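> Could you work out the structure for the sequence below:
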Amino acid sequence: MRAALTDLHETYIYQVNQAVAADREDLAEELAAAYTDDALSLIMSPEDTQRASA
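Numbers count the residues shown, from 1 in each chain. Just a heads-up that it's a prediction; the model follows:
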């Protein structure tokens, strides 16, 4: 799971940086909010929950 979170983080960082470079602060804020949702979904996925309880 750690690798998946790292990949997700790197993807969002790139996208936010691109949005900022394009003067799209609104998009950068949307991406930041979406990252939180996506990271939590990844952390709470049933697959990882089953591994943690094994």
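
> contacts, neighbours, all on C-alpha from now
Will do.

> State the helix or strand in which the residue most central in space within the chain lies.
Central residue of the chain (CA atoms, centre = their mean): residue 35, 3.5 Å from the mean position. If you go by DSSP states H and E, residue 35 is part of helix 25-43.

> what comes up buried for that helix?
For helix 25-43, the neighbour count (16 or more other CA atoms under 10 Å) marks 27, 28, 31, 35, 39, 42, 43 as buried.

> thought the first one was touching residue 21?
Same thing as residue 27. No: taking contacts as CA atoms under 8 Å, residue 27 lies outside contact range of residue 21: 11.0 Å.

> Which residues outside the helix holding residue 35 are in contact with it?
1, 4, 5, 8, 9, 12, 15, 16, 17, 19, 20 (CA atoms under 8 Å, 6 or more residues apart in numbering).

> In helices, which of these appear?
If you go by DSSP state H, the contacts of helix 25-43 have 4, 5, 8, 9, 12, 15, 16, 17, 19, 20 in helices.

> with the residues you listed in mind, which one is nearest to residue 47?
Distance to residue 47, by CA to CA, is smallest for residue 4 among the ones in helices among the contacts of helix 25-43, at 12.7 Å.

> Let me know how buried that closest one is, in neighbour terms.
As a burial measure, residue 4 scores 12 neighbours (other CA atoms under 10 Å).

> Relative to residue 16, how far out is it?
18 Å (CA to CA, to the nearest Å).
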